[in-house]
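Asks: Structure, please.
(one chain, ligands or ions: 1)
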Amino acid sequence: MTKVVKFGGSSLADAKQFKKVIDIIKADSDRRYIIPSAPGKRFDEDTKVTDMFIKLYELASKGKNLDSQISKIKERYNEIIEGLKIKNFSLDEEFNAIKTELEYNPTCDYAASRGEYLNGLIMAKYLGYEFIDPKDIIFFNEERGLNSYKTEKKVSERLKGVKHAVIPGFYGSDKEGQVMTFSRGGSDITGSIIAGAIRADVYENWTDVSGFLVADPRIVDDPVGIDMITYRELRELSYMGASVLHEDAIFPVRSAGIPINIRNTNSPKDEGTWIVESTCHKPEYVITGIAGKKGFCAVSISKALMNAEIGFGQKVLQAFGDNDISFEHMPSGIDTMTVVVHEDEFVAKEQKVVSAIHRLCDPDSVEIESDLALIAVVGRGMKSTRGTAGRIFAALSHANVNVRMIDQGSSELNIIIGVENEDFDKAIKSIYDIFVTTKL
Ligand code: ASP
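Replies: You can find the predicted model right below:
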């Protein structure tokens, strides 16, 4: 069995955390390829090493002296090296090289990538594993997108016959061979690419929580965890704000049918969450998760006999599209159509959009309502269970929440509910209570 194992920044923030990670790696010989992030925050007000490197780049690009910032970063790594008691090992030469590179050719991507690079060197030295620089195996194209074909080929060639290796996360190289990074949190993507390319059995992603929770713990007290979720369910929840994993980390493993196991470095016995393509594992509750976002606007367009007018919807959407506004949902009635959009995107352009709707569609009226929150109730279990919607709305009515919009996709995987921003927390709590606490 081959596992690709990624550790996030909080799992590698200091020597104490590093030791937990080493124990996890050593506990299972299937954990063959290790993807470290840069040291993250040790406490709330702390600074991530990646941010310290970005600051170093900013100083370099202004031609300022780099010594004091370099010493601060060095301190973070020295604490790890000393805490792990690694003998005959120093990063001094590496820091000299970084300083020279940033003095002569400062780029933000190169600076930001050094956090992972140096952490990878420490980890490889400590474990006695081979160090593989991702700039030689992960390739970007001109638009900062991944060159998947070349990357997959190189990764599988390079890892053939390599029993164990440390491959830093977060970066690769562009067409000219210059270091280029993914967006923030991108070590998740590196792990997924490596797992996908070598057709690993599992991609383990170790972080500081025991996987996904059914609801946001800032809203619901001590919510239960999700033990298994499908990629499709996860996509619905992530889109609505549930974030543990970088969005782009799904595709490379999903297309290869490899499960992701989200685990907690601080509680390694927890099974965490399994993210899978498909499963016959019955969910414990009818719903898998609840997530939501505030700050939407509903634009309702009314016109008598709209139903008979061919192309009406297309013209409405054109009015939004021409103004670069994407829409979230579009519930409709016989003579009305409502387009739900992000308020912050829409507010500056609202009058332009309204006049475009009038020009293109000649409606009877256009009404705009703001302060709308959307809540997604997601679950593969909903498909086979009668009365799910009934229970959701009964719970909301008991909690005195007025429902302003309802949208159920034909996949029966999710139900989207629009409520007032101010009812958002109350609505989520009541849905959680009815499905999880009272398990009705
Ligand atoms: N170190 C990078 C960041 O802070 C990437 C990562 O941790 O995944 O965003």
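
Asks: Tell me the buried residues in the host helix or strand of G295?
Replies: According to DSSP states H and E, G295 maps onto strand 289-302. Buried residues in strand 289-302, counting neighbours by 16 or more other Cβ atoms under 10 Å, are found at 289-294, 296-301. For the C-beta atoms, the positions are set from N, CA and C on the backbone; glycine is no exception.

Asks: Likewise for stretch 265-275?
Replies: Buried, per 16+ other Cβ under 10 Å, within stretch 265-275: 265, 272-275.

Asks: quick check, nearest of those to H281?
Replies: W274 (8.5 Å; Cβ to Cβ).

Asks: Please confirm that the closest one is located within a strand.
Replies: Yes: assessed with DSSP: H, G, I helix; E, B strand; the rest coil, W274 lies in a strand.

Asks: Would you double-check that I70 falls in a helix?
Replies: Yes: counting by three-state DSSP, I70 falls inside a helix.

Asks: before we move on, back to that, just the buried residues of stretch 265-275 now: which is nearest the ligand?
Replies: Minimum distance to the ligand across these is 13.5 Å, recorded for T265 (Cβ to the nearest ligand atom).

Asks: And the closest one, how close does it get to I250?
Replies: 21 Å (Cβ to Cβ, to the nearest Å).

Asks: If you count neighbours, what's buried in the helix of greatest length in the chain?
Replies: When the chain is scanned for its longest helix (criterion: DSSP state H), the result is helix 108-127. The neighbour-count check on helix 108-127 (16+ other Cβ under 10 Å) flags 109-127 as buried.

Asks: tell me how far the helix or strand Q314 falls within is from the chain's mean position?
Replies: If you go by DSSP H and E, Q314 is part of helix 312-321. Its chain's average C-alpha position is 31 Å from that of helix 312-321, according to Cα atoms, centre = their mean, to the nearest Å.

Asks: Could you report the pLDDT at the residue most central in space within the chain?
Replies: Central residue of the chain (Cα atoms, centre = their mean): H246, 2.6 Å from the mean position. With respect to pLDDT, H246 scores 91.

Asks: Likewise for S410?
Replies: 69.

Asks: Kindly report the same for I406.
Replies: pLDDT at I406 comes out at 88.

Asks: hang on, isn't it packed against V419?
Replies: No: counting by Cβ atoms under 8 Å, V419 is not a contact partner of I406; they are 10.4 Å apart.

Asks: who's more crowded, the two?
Replies: V419 (24 against 14; other Cβ atoms under 10 Å).

Asks: Verify the stated contact: the more buried one with A427.
Replies: Yes: taking contacts as Cβ under 8 Å, V419 lies within contact range of A427: 4.9 Å.

Asks: between those two, what contacts are shared?
Replies: 373, 375, 396, 401 (Cβ atoms under 8 Å, 6 or more residues apart in numbering).

Asks: residues contacting the first one?
Replies: I take that to be A373. With contact set as Cβ under 8 Å, 6+ apart, A373 has these partners: 292-296, 418-421, 423-424, 427.

Asks: Please tabulate the residues you listed in JSON lines and include distance to the ligand and pLDDT as additional columns.
Replies: Shown next, in JSON lines, are the contacts of A373 (distance: Cβ to the nearest ligand atom, whole Å; pLDDT from 0 to 100):
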{"residue": "G292", "distance to the ligand": "25", "pLDDT": "94"}
{"residue": "K293", "distance to the ligand": "22", "pLDDT": "93"}
{"residue": "K294", "distance to the ligand": "25", "pLDDT": "94"}
{"residue": "G295", "distance to the ligand": "25", "pLDDT": "94"}
{"residue": "F296", "distance to the ligand": "28", "pLDDT": "95"}
{"residue": "G418", "distance to the ligand": "33", "pLDDT": "93"}
{"residue": "V419", "distance to the ligand": "33", "pLDDT": "96"}
{"residue": "E420", "distance to the ligand": "35", "pLDDT": "95"}
{"residue": "N421", "distance to the ligand": "30", "pLDDT": "95"}
{"residue": "D423", "distance to the ligand": "34", "pLDDT": "96"}
{"residue": "F424", "distance to the ligand": "28", "pLDDT": "96"}
{"residue": "A427", "distance to the ligand": "32", "pLDDT": "97"}
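
Asks: Those residues: which two are farthest apart?
Replies: Pairwise over the contacts of A373, using Cβ to Cβ, the maximum falls at G295 and A427, 15.0 Å.

Asks: ranges for the helices of the stretch 201-350 of the chain?
Replies: Along the stretch 201-350 of the chain, the segments classed as helices by DSSP state H, counting those that start in this stretch run 231-239, 250-254, 312-321, 343-346, 350-361.

Asks: Of those helices, which is nearest the ligand?
Replies: The minimum distance between the ligand and the helices of the stretch 201-350 of the chain falls on helix 250-254, with 14.9 Å, by Cβ to the nearest ligand atom.

Asks: How far does the closest one sit from its chain's centre?
Replies: Chain-centre distance of helix 250-254: 12 Å, with Cα atoms, centre = their mean.

Asks: what about dumping the CA coordinates of that helix to PDB?
Replies: What follows is helix 250-254, C-alpha atoms only, in PDB (Å, rounded to 0.1, in the frame of the first residue of the first chain):
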ATOM      1  CA  ILE A 250      -9.800  17.700  -5.100                       C
ATOM      2  CA  PHE A 251      -9.400  17.300  -8.800                       C
ATOM      3  CA  PRO A 252      -6.100  15.300  -9.200                       C
ATOM      4  CA  VAL A 253      -7.100  12.600  -6.700                       C
ATOM      5  CA  ARG A 254     -10.800  12.600  -7.700                       C
END
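
Asks: what comes into contact with that helix?
Replies: 148, 189, 192-193, 195-197, 203, 231, 234-235, 259-260, 275, 277.

Asks: same thing but 7 Å
Replies: Residues outside helix 250-254 that contact it (Cβ atoms under 7 Å, 6 or more residues apart in numbering): 192-193, 195-196, 203, 231, 260, 277.

Asks: May I ask which two of those residues are separated the most?
Replies: Longest span within these, Cβ to Cβ: I193 and E277, 17.6 Å.

Asks: one step back: may I see the helices of the stretch 201-350 of the chain organised as TSV, with distance to the ligand, mean pLDDT and mean neighbour count added?
Replies: TSV is the format used below for the helices of the stretch 201-350 of the chain (distance: least, Cβ to the nearest ligand atom, whole Å; pLDDT from 0 to 100; neighbours: other Cβ atoms under 10 Å):
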stretch	distance to the ligand	mean pLDDT	mean neighbour count
helix 231-239	16	87	20
helix 250-254	15	92	21
helix 312-321	32	94	18
helix 343-346	24	94	16
helix 350-361	35	95	16
